[in-house]
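Undergrad: Task: produce atomic coordinates for the following.
(chains A, B and C)
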Amino acid sequence: MKTILTALVTIGLLAGSAWASDETPTALSNKEAIDLVQTHANYLWTLIAAALVFFMQAGFAMVEAGFTRAKNAVNILMKNLMDFSMGSLIYWAIGFGLMFGASATGWFGTSSFFLADFSPDGDPWVLAFWMFQVVFAATAATIVSGAMAERTKFTGYLLYSIFVCGLIYPIFGSWAWGSLYKGSGWLEALGFIDFAGSTVVHSVGGWAALAGAIVLGPRLGKYRSDGSMRPIPGHNMPLAALGVFILWLGWFGFNPGSTTTADKSIAMIFVNTNLAAATGAVFALITSWFKFGKPEVSMSLNGALAGLVGITAGCANVSPISAVIIGAVAGVLVVFSVLLLDKIRIDDPVGAVSVHGVCGAWGTLAAGIFNIGGTTAGIIGVQLLGIGACFAWTFTTAFIMFKLIDKTVGLRVSPEEEIEGLDSLEHAGNAYPDFEVSSI
Amino acid sequence: MKTILTALVTIGLLAGSAWASDETPTALSNKEAIDLVQTHANYLWTLIAAALVFFMQAGFAMVEAGFTRAKNAVNILMKNLMDFSMGSLIYWAIGFGLMFGASATGWFGTSSFFLADFSPDGDPWVLAFWMFQVVFAATAATIVSGAMAERTKFTGYLLYSIFVCGLIYPIFGSWAWGSLYKGSGWLEALGFIDFAGSTVVHSVGGWAALAGAIVLGPRLGKYRSDGSMRPIPGHNMPLAALGVFILWLGWFGFNPGSTTTADKSIAMIFVNTNLAAATGAVFALITSWFKFGKPEVSMSLNGALAGLVGITAGCANVSPISAVIIGAVAGVLVVFSVLLLDKIRIDDPVGAVSVHGVCGAWGTLAAGIFNIGGTTAGIIGVQLLGIGACFAWTFTTAFIMFKLIDKTVGLRVSPEEEIEGLDSLEHAGNAYPDFEVSSI
Amino acid sequence: MKTILTALVTIGLLAGSAWASDETPTALSNKEAIDLVQTHANYLWTLIAAALVFFMQAGFAMVEAGFTRAKNAVNILMKNLMDFSMGSLIYWAIGFGLMFGASATGWFGTSSFFLADFSPDGDPWVLAFWMFQVVFAATAATIVSGAMAERTKFTGYLLYSIFVCGLIYPIFGSWAWGSLYKGSGWLEALGFIDFAGSTVVHSVGGWAALAGAIVLGPRLGKYRSDGSMRPIPGHNMPLAALGVFILWLGWFGFNPGSTTTADKSIAMIFVNTNLAAATGAVFALITSWFKFGKPEVSMSLNGALAGLVGITAGCANVSPISAVIIGAVAGVLVVFSVLLLDKIRIDDPVGAVSVHGVCGAWGTLAAGIFNIGGTTAGIIGVQLLGIGACFAWTFTTAFIMFKLIDKTVGLRVSPEEEIEGLDSLEHAGNAYPDFEVSSI
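TA: Okay, here's the model as predicted:
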């Protein structure tokens, strides 16, 4: 014990030695003092928004657990906890530097790994900015767990989340959102509009989810040889609904927080975000009512998320009435996309590909179409280029990665494990030991 | 596909054409710059508070689902999702204009429909203010779903929420909170005190809930012909408790956010809100312990909500010690009110009428009684007038509306459906398909 | 009714009479105006942070309910609701004055009871500060309920929470965090570092929990006479996971909010908090995987909390890389501590002693070791002194208190009640009446 303590003190002395005490501000002019107070407000807003976006992890965990079976609930909770935890570490070590480090080429950054360029004498803005970005990176990773639920090996999943947060997400991000330092991404340089990440975050998550679902194949018994499909309902609708409300709340950090500035512009972003979500829910309700004859709960919940994903790219540069249109289209689109995926036998238990991939693409296009500064064929072209580049990069790299994981540590659990449930065999514990659970 | 795209681009061009680019601030004097930073703080606070109040939707959904039976859980979640979603749209189209548009008469506003008076060249405050108000409107609507739970047709409920968010709530609101533009409400002009809406929001919800519960009648089997009552316990107490904690959190947006200003005054409002909630819970616990011999969980949870509703009107103009008294009275009152409603055979599954209607009236009266600026018979008179006007307007219009819905699309499900559960027949899905559920 | 109304009006007149109207700010200089806007930002941040910390109550309720059996869920929810509610009142009446009132001796404060020194003419900062502190006090109290779960009498628990929020917690707090007025605590005067309360809040809760678990003894059947141990799994992992995410979110108020100032320093505290939590989860996962052969969900969740508790003391004065080390150690430590407690047959159903007591001590030591201003043997000595003083004070007083409660009103339920479950006999209601529950 004493040697451990001595060792820790030594590490501490080393870690601490490079650090000076807090700067004491010298007398400021009024102009400088005003700027400083505004800067404080910007820090406050960015970090509170980051906390809201962090909370989306709880939302995803509840949605994904609620929309899948009780026998796999522990597994999906563990994945959500771990992709955020491991994602935080890998994004700190590598991802942030690749995404926002100084970029000479426009294709990736090469500084700011391990937040090494931060010193306490210097400006802590990089820390506030990192905090906001790490929760975005984890969002992209988390999206995938839903589409791959109920059949993925835990070790394979852990590997996956390292690659997404460390490489796939940040490299695409650097193309569209450029550098915190000098240099800018090549898509950004072309004028690509994706204010808060319909493409950068949601489509990246959605297309990686698509690759994962394809490499994994459908759950046992999902698609029958006679061409029919077995519906596998989620086990806990109150949790799923809670998750959607949490996500909606978190989006009030995700979209307006992307200003990283506390100014008047956040008001319109709040309003657009809320209107698109509401319209998405209403239109998915209507669409599902027409298609299935009953107002369907999982479609309505996904409709709200579809509206939110759809408005993410354009939330700062479309009018409220455009937000209503964008949300309505997203709400319809998500229902048809879910049906289409089932038709081509891609099994996505929670609808992640449709919500995040498809509606992310729609939202990015819509940000060009409804741009309040006016739209041109050129703008539409760049938006389509960004959408295409995102699909090409993400689907390809994710597909290769999942294939590699599959060939090495393995991506899918055994059929016995899948039937028994992942919780008892992968995690030696069940989500609800006091209840009779009969999920098959 | 190409024609749809072309059409959307055309709409986009039209929608965008009226919009100029962002204003660039010219050189500001120090005075103006200071004001601007304070204004930014006000936007920030108002919008963060709106996000907290939005989250109350999750709280209501969990409380209402938890306090009712498993067989109707999907239905209540759908109602909560939909009254917020449809409410957002109708309040955007009509409600906000009726409530806060320019009011020549003091009885309703006549501008700002569809947020049409907002232009990007102008002041976006109307958007921040709308965002804060829309979550209030939806709160009023949501309150009703609990009292009408487990027996209301989904289509009838959707119609209802349109009327409440579009007409009943905003018109009463315009009397008490007046206009964002010129003109003020007639109650406001008399000096009516209802800072954050004990009457404007909660009593409106509560009295509409009362009308709904009366028109619907009690759940099958609730009141027996021998005069006895069958307790129908809620199916999920952890969800209900979570919901109450979420509502308590949301109230820290609801009450102090009603300043729409980031200044020192919010501190006392936070403290008052918290003390009243805590005292409400403690006194409901004690009262239920005396009445039933055991510390009852649903009464204690409702006691916290009763305290919160009670302090809402006076949170900014009573002292912390008055907040304690107000919360204590509310905590006792809610228990007796629940018992009284059962005695007169009005079936309110979650206690919404008692919590929001009765304690809302108490809180409004208390805001006059404990006014820190002093109280007079005149003040008490105006408070009583406001309470009475709210009951008369809301109960009457809601009663007529529910009768009309009942006669047309129908308000109540069939007895078969009620016994089977609303989830399987109205929504073709159950909340917990993997569990043995035995709710009768 | 009329007499009650008259009485209340009279009380209101008395309560209101001492209060003047709001101060109207006279013309301010630019310097003063800038300071005022910054002050408004400080209020805003402190109160929003308080709201986040309040929400931790929901997190604790979900974690504790999820980690225990279904038959005791109502009981644990009631305890969480009531220790916050009663704690708020007792901390308002007594605790805050003892902790932050003027302290002549350095051992406790003697003013500001019932917030009596606040007048509306004066500075409302005491109200904002109280609001932030009351949620801390309740956190300390709530920690204990988990360790004493499934066998404690409700009345005994209520008494306990009064003593902790009214005496044990505030007195220790006054030693370390001193006074809002004049005078400072004796530990504070020695240079004790505990920025947000690894010791002041978490260890106080943890050591009181230890005393409670010892006085109570283990749950029936937990430790068998043959030396083996029966695992008693928690009944609802999704709730437990949700609780951990909520706690993680709340910690973004707990740690950076402890600045009570909206400035740049909160950025590093956010980053440190997040990195330590993530590392704690990852290292507890790895440790449990090595020890048990499977990645264990409850250990991983507790690992995140362990990291959060560990970084709390040093969050403002260690670097991000140190936060990673602190979290990693905490994640390992919590697993071994849980195993050790079981070995010595102290039954802590949720791991509260290990998470809050042990990792709180580790975090306090680490704040000295990794201090960015440099570390010395003197600093380490003071940290160890503070850790020891906390244990001595809290464990001793809590042990005596629990023994006294045991001898008077009784601390433990009867064996019949414990086997049947606390919900049906203590509270006359079950958490899940619609489900088959088979917890033994």
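
Undergrad: so where do the strands sit in the stretch 151-300 of chain A?
TA: Remark: strands of the stretch 151-300 of chain A are absent; assignment by DSSP state E, counting those that start in this stretch.

Undergrad: mind listing what the residue of it found nearest chain C touches?
TA: Taking C-beta to the nearest C-beta, chain C has its nearest neighbour within the stretch 151-300 of chain A at residue A:239, 5.7 Å off. Backbone N, C-alpha and C define where each C-beta goes, glycine included. Residues in contact with residue A:239 (C-beta atoms under 8 Å, 6 or more residues apart in numbering or on different chains) are A:62-63, A:65-66, C:238, C:242.

Undergrad: Ok, residue A:33 next?
TA: Counting by C-beta under 8 Å, 6+ apart, residue A:33 touches C:31, C:34.

Undergrad: make it 10 Å
TA: A:25, A:27, B:30, B:33-34, C:30-31, C:33-35, C:37-38 (C-beta atoms under 10 Å, 6 or more residues apart in numbering or on different chains).

Undergrad: host element of it?
TA: helix A:30-66 (DSSP states H and E).

Undergrad: Tell me how far the residue in the stretch 101-250 of chain A that chain B sits nearest to lies from residue C:295.
TA: Residue of the stretch 101-250 of chain A nearest chain B, by C-beta to the nearest C-beta: residue A:245 (3.5 Å). With distances taken as C-beta to C-beta, to the nearest Å, residue A:245 is found 29 Å from residue C:295.

Undergrad: who has more neighbours, these two?
TA: residue A:245 (27 against 23; other C-beta atoms under 10 Å in any protein chain shown).

Undergrad: Helices of the stretch 151-300 of chain A, start to end?
TA: Assigned by DSSP state H, counting those that start in this stretch, the stretch 151-300 of chain A shows helices spanning A:154-163, A:169-177, A:186-189, A:204-216, A:237-254, A:265-292, A:297-312.

Undergrad: Please name the residues that touch whichever residue of the stretch 51-200 of chain A sits closest to chain B.
TA: Residue of the stretch 51-200 of chain A nearest chain B, by C-beta to the nearest C-beta: residue A:70 (4.1 Å). Residues near residue A:70 by C-beta under 10 Å, 6+ apart: A:234-236, A:421, A:423, A:430-432, A:435, A:437-439, B:432-435, C:238.

Undergrad: gap between it and residue A:232?
TA: Residue A:70 sits 12 Å away from residue A:232 when distances are taken as C-beta to C-beta.

Undergrad: Name the residues contacting each of those two.
TA: Common neighbours of residue A:70 and residue A:232, using C-beta under 10 Å, 6+ apart, are A:439, B:433.

Undergrad: got the contact list for the nearest residue to the residue of the stretch 101-250 of chain A closest to chain B once chain neighbours are set aside?
TA: Spatial nearest neighbour of residue A:245, chain neighbours left out: residue B:58 (3.5 Å); criterion: C-beta to C-beta, 6 or more residues apart in numbering or on different chains. Counting by C-beta under 10 Å, 6+ apart, residue B:58 makes contact with A:59, A:241-246, A:248-249, B:80, B:84, B:242-243, B:246-247, B:249-250.

Undergrad: cutoff 6 Å now
TA: A:242, A:245, B:246 (C-beta atoms under 6 Å, 6 or more residues apart in numbering or on different chains).

Undergrad: can you check residue A:173 too?
TA: Contacts of residue A:173 (C-beta under 6 Å, 6+ apart): A:99, A:200.

Undergrad: and if you look at the one 5 residues further on?
TA: Residues touching residue A:178, when contacts are defined by C-beta under 6 Å, 6+ apart, comprise A:184-185, A:188.

Undergrad: which of these are buried?
TA: Among the contacts of residue A:178, those classed as buried by 16 or more other C-beta atoms under 10 Å in any protein chain shown are A:185, A:188.

Undergrad: Tell me the residues of the stretch 201-350 of chain A that contact chain C?
TA: By the rule C-beta under 6 Å from any C-beta of the partner chain, the part of the stretch 201-350 of chain A lying against chain C is residue A:239.

Undergrad: distance between stretch A:258-274 and the chain's centre?
TA: Mean-position distance between stretch A:258-274 and its chain equals 19 Å (C-alpha atoms, centre = their mean, to the nearest Å).

Undergrad: And the contacts of it?
TA: A:41-42, A:45-46, A:195-196, A:251, A:255-256, A:311, A:315-316, A:320, A:323, B:40, B:43-44, B:47, B:124, B:127-128, B:131.

Undergrad: Got phi/psi on residue A:217?
TA: The phi/psi pair for residue A:217 (degrees, to the nearest 10) reads phi 80, psi 170.

Undergrad: I meant residue A:149, not that one.
TA: Dihedral angles (degrees, to the nearest 10) for residue A:149: phi -70, psi 160.

Undergrad: Assess the claim that it and residue A:68 are in contact.
TA: Yes - taking contacts as C-beta atoms under 6 Å, residue A:149 lies within contact range of residue A:68: 4.8 Å.

Undergrad: Find residues that contact each of those two.
TA: Contacts common to residue A:149 and residue A:68, judged by C-beta under 6 Å, 6+ apart, are A:76, A:349.
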